[in-house]
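Participant: Fold the following.
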Amino acid sequence: MAADSEPESEVFEITDFTTASEWERFISKIEEVLNDWKLIGNSLGKPLEKGIFTSGTWEEKSDEISFADFKFSITHHYLVQEFPDKEGKDEVLEDVIPQSMQDLLCMNNDFPPRAHCLVRWYGLREFVVIAPAANNDAVLSESKCNLLLSSVSVALGNTGCQVPLFVQIHQKWRRTYVGECQGPGVRTDFEMVHLRKVPNQYTHLSGLLDIFKSKIGCTLTPLPPVSIAIRFTYVLQDWQQYFWPQQPPDIDALVGGEVGGLEFGKLPFGACEDPISELHLATTWPHLTEGIIVDNDVYSDLDPIQAPHWSVRVRKADNPQCLLGDFVTEFFKICRRKESTDEILGRSTFEEEGREAADITHALSKLTEPAPVPIHKLSVSNMVHTAKKKIRKQRGVEESPLNNDVLNTILLFLFPDAASEKPLDGTSSTDNSNPPLESEEYNLYNQFKSAPSDSLTYKLALCLCMINFYHGGLKGVAHLWQEFVLEMRFRWENNFLIPGLASGPPDLRCCLLHQKLQMLNCCIERKKARDEGRKTSPSDNVTNTYSGDAGKSGDQLGPDNIKDMDKEKGEVGKSWDSWSDSEEEFFECLSDTEELKGNGQESGKKGGPKEMASLKPEGRLHQHGKLNLLHNGEPLYIPVTQEPAPMTEDLLEEQSEVLAKLGTSAEGAHLRARMQSACLLSDMESFKAANPGCFLEDFVRWYSPRDYIEEEVIDEKGNMVLKGELSARMKIPSNMWVEAWETAKPIPARRQRRLFDDTREAEKVLHYLAVQKPADLARHLLPCVIHAAVLKVKEEESLENISSVKKIIKQIISHSSKVLHFPNPEDKKLEEIIHQITNVEAIIARARSLKAKFGTEKCEQEEEKEDLERFVSCLLEQPEVLVVGAGRGHAGRIIHKLFVNAQRAAAMAPPEEDLKRMVPPEEKRQNLAADFPPAAGRELILRTTVPRPAPYSRALPQRMYSVLTKEDFRLAGAFSSDTSFF
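Facilitator: Modelled structure (predicted):
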């Protein structure tokens with residue numbers, strides 16, 4: 001038994017040779033991918049149209065396969081096109097050669113300007129490439145190359161795939177491929193030679209024909225004719241006499257104080273260098289046959305002037321330096337700086353000693369306290385003034401980041417009213433020096449959340465942008481900002497309105513800095529009106545009658561909004577004289593205890609409407625004209641009311657946060673309603689003071705007419721009469737309006753607690769401005785700078801009229817409006833916008849460069865000018881442009897002249913105009929060969945159809961592509977053979 005068990009144990013040690021090897025698995029994976037992509041069988045497409053390789057859509061799909069642990073990527077490249085509808089055609093066309101073999105002979109798409117290298121070399125519309133997945137991997141050994149080719153050949157044979165399959169070998173930068181295509185009884189081998197140095201015998205057509213014929217090895221005599229396509233490319237780098245037209249900015253004009261040329265408030269534009277670096281002229285002979293021309297190492301018939309086809313492409317300079325792009329980019333860089341103004345201008349400049357330092361701390365802490373802050377105790381301005389003084393002590397005036405001439409020029413530009421003997425009264429605080437642009441352009445600030453293009457904020461942004469670029473960089477920005485804050489303080493203290501800002505409350509569509517300046521202007525306006533009111537003799541009542549209509553706009557407004565049209569109209573002529581002369585009494589904020597005391601006294605006095613009716617009316621603005629009080633028929637008077645407090649978006653946000661924190665409890669909701677009804681309560685008190693003995697119904701009829709419903713009813717006597725009552729929401733028990741009416745006392749506006757404390761708000765704004773770092777400032781003003789850049793680009797584009805640029809500008813506006821509306825846009829998105837603007841600037845600069853080089857403005861004939869402009873436009877938008885008429889057309893003659901002048905300059909010869917006078921025409925014709933430099937690239941395509949490998953084999957397409965440059969020589973051959981009759 002032991003002997004019998006020994007053979008059984010040996011069975012398990014036998015190696016199973018039927019298991020698939022790594023090579024077989026690799027082949028299987030290729031076949032699987034080809035099946036998944038449905039690349040099996042013959043699928044004939046339409047004949048290729050001319051230029052379809054460039055104008056058509058190319059797509060690709062990829063997968064990953066591996067040979068053992070070596071990973072490859074397999075990619076299918078194909079031209080998207082419609083296939084014929086006849087599906088049963090495959091059976092009839094079984095013996096037809098594959099589509100790719102037919103494409104080898106197609107002459108419609110030789111030398112495509114933009115395509116995959118295999119498309120250019122072999123003219124294929126569809127192919128699959130297997131390449132090492134990692135960029136640094138390469139298939140270098142010959143045995144591995146052969147193994148991969150064998151795998152491809154087996155996979156193609158097994159699947160019946162007729163799409164060419166290539167394998168990339170050697171390093172990727174060499175772009176070396178070998179491949180195969182199989183069909184029924186036919187096969188095409190794709191082979192390649194790539195050398196650094198060109199053998200001398202292959203630098204011309206005759207040598208390349210010898211290679212091609214020897215490779216085909218056809219024994220037929222005579223040999224079928226070889227079709228030849230040739231392209232020579234000439235490069236023009238030295239433009240000569242065509243200088244880059246961009247004028248450098250005149251910095252001296254700025255320092256001299258002139259506001260003209262490139263001035264403060266106007267952005268520069270254009271490239272600092274020529275954005276067109278090279279012009280490539282391709283001269284093509286598309287259909288030649290062997291024997292018609294001679295091209296060998298001694299003589300050549302290939303004269304570029306005689307070439308039937310000329311095409312041109314321009315090489316653009318890589319990232320040309322553009323003024324506008326640099327301006328905006330440099331300004332954007334400030335956003336990333338961390339230093340504060342005092343650190344930039346010198347930390348010690350803001351250091352205070354002893355009592356002064358304590359005063360500053362005291363002053364800044366007081367800003368956050370609820371009690372009113374007397375102006376004389378504030379030290380914010382003292383701090384800045386002292387800092388300025390210390391700066392001047394520590395360094396001379398000439399050492400300041402900005403010299404006086406530049407600083408004065410900017411300040412006069414920003415504050416034109418300072419040029420007159422006394423600043424403007426501020427009756428109209430909008431600067432009208434710039435005419436408004438078209439509504440679409442002017443209103444861009446709404447989309448960008450910047451500021452109107454004629455506003456102070458917009459001008460400040462442009463000035464800081466220019467200072468940053470030309471005058472002192474970050475230190476210059478900090479210096480100008482410090483001067484700007486001082487000017488704001490001066491205007492507040494001396495009641496001078498800030499120019500360049502629209503009157504009214506802050507515009508929430510603008511950037512926060514613009515809103516802050518508008519808020520400061522509101523404060524100055526209130527303070528100025530109050531001070532002027534003190535100077536004139538006070539009178540308690542204004543009882544002018546007014547015949548206007550009432551309550552129309554109030555229909556749509558809530559309690560905290562502006563009352564109605566009458567009230568708005570009345571505000572213009574509102575008399576501040578009627579208000580008290582006493583600073584303590586006028587709009588002063590009473591302490592809580594005083595307020596409670598006052599409430600008790602008033603409520604004791606008030607009693608009811610009858611007692612109120614005996615009070616003396618106060619604070620009347622004018623008679624309503626149409627409405628009378630309901631209970632006594634007295635005329636209803638519109639009161640002098642306080643203006644609602646203007647708010648900036650950050651204040652609104654703070655307020656909403658406070659209200660949200662009150663919670664949803666009944667107490668919180670009640671407190672929230674009281675806080676929101678401050679303006680309503682003030683107006684009720686003013687109304688009661690102006691109309692003693694009035695009821696809530698009277699107030700509602702004026703303030704919110706929609707909430708007073710009138711109906712026609714029949715009285716006891718049978719007459720139709722109007723009967724009115726409050727709306728349903730007004731009758732809700734304990735609603736806000738009823739509560740406010742009950743607590744409201746008859747106090748005229750002049751004696752009420754101020755809704756808007758202009759002194760405190762102004763100091764808040766000034767403090768906010770003083771503590772802004774240059775980085776914060778740049779963040780605030782960047783939307784204005786982008787806004788200005790877009791307007792500049794639009795203005796420059798309108799001069800050139802480039803359709804592609806118009807589309808890009810629309811995209812920039814759309815993109816910017818989305819990004820800039822967020823409070824803190826991401827740096828990456830802002831960089832994208834700036835990059836797009838720079839790209840547009842470069843495109844416009846290229847258009848101007850080409851127009852200057854081709855002399856479009858010098859054309860006398862309108863038709864020629866239009867043709868040239870169309871040609872220049874195509875050069876910008878297309879990869880390659882055909883020159884109509886080749887060397888004999890108008891554009892061709894200009895291009896020829898450009899090359900001739902460059903050649904003359906290279907040889908230190910006189911320009912072409914002088915040569916015409918010196919050299920007879922016959923001799924000039926002999927020198928034509930020197931009109932062009934040696935060709936930078938020589939491309940040839942040789943095609944024929946011959947039986948291979950035997951004379952009785954099937955006649956199949958053969959093709960060889962050759963490209964020869966200064967440091968590169970490549971042969972790419974596709975040689976077909978008959979696998980049935982060999």
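Participant: Okay, helices next: where are they in the stretch 251-400 of the chain?
Facilitator: Along the stretch 251-400 of the chain, counting by DSSP state H, counting those that start in this stretch, helices occupy 251-255, 323-334, 341-345, 354-367, 380-394.
Participant: Next secondary structure after the last one?
Facilitator: Sequence-wise, the next helix or strand beyond helix 380-394 is helix 404-414, with elements assigned using DSSP states H and E.
Participant: Domains of the chain: list them as residue ranges, please.
Facilitator: Each domain of the chain is listed here as a residue range: 26-81+97-217+948-978, 219-318+815-907+932-942, 620-747, per the TED database.
Participant: quick one: which of those domains is nearest Cys510?
Facilitator: Comparison of those against Cys510 by C-beta to C-beta identifies domain 620-747 as nearest, at 9.4 Å. From N, CA and C alone the C-beta is placed, and that goes for glycine too.
Participant: where's that closest one relative to the chain centroid, distance-wise?
Facilitator: 49 Å (C-alpha atoms, centre = their mean, to the nearest Å).
Participant: Show me what the mean pLDDT comes to for that domain.
Facilitator: This predicted structure assigns domain 620-747 an average pLDDT of 81.
Participant: again, but for stretch 773-785
Facilitator: Mean pLDDT, taken over the full extent of stretch 773-785, equals 90.
Participant: Could you name the specific helix or strand carrying the residue nearest to Leu407 when sequence neighbours are not counted?
Facilitator: Nearest residue to Leu407, sequence neighbours excluded (C-beta to C-beta, 6 or more residues apart in numbering): Glu483, at 6.5 Å. Glu483 is part of helix 473-493 when elements are defined by DSSP H and E.
Participant: For the closest residue to Ala930 other than its chain neighbours, which residues are in contact?
Facilitator: Distances taken as C-beta to C-beta, 6+ apart place Gln903 nearest to Ala930, at 6.0 Å, with adjacent residues excluded. Contacts for Gln903 (C-beta atoms under 8 Å, 6 or more residues apart in numbering) come out as Ala909, Ala930, Asp931, Phe932, Pro933.
Participant: Could you rerun that using 7 Å?
Facilitator: Contact criterion C-beta atoms under 7 Å, 6 or more residues apart in numbering gives Ala930, Asp931, Pro933 as the residues in contact with Gln903.
Participant: Need the buried ones from the residues you listed selected in PyMOL.
Facilitator: Selection command for PyMOL covering only the buried members of these, criterion 16 or more other C-beta atoms under 10 Å:
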select buried, resi 931
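Participant: Out of the contacts of Gln903, which comes closest to Asp715?
Facilitator: For the contacts of Gln903, the residue nearest Asp715 by C-beta to C-beta is Pro933; the value is 108.7 Å.
Participant: So which other helices or strands are in contact with the helix or strand containing Glu831?
Facilitator: Counting by DSSP H and E, the element that carries Glu831 is helix 827-854. Of the remaining helices and strands, those touching helix 827-854 by 3 or more C-beta pairs under 7 Å, 6 or more residues apart in numbering; DSSP states H and E are strand 276-289, helix 323-334, helix 774-800, helix 803-820, helix 862-877.
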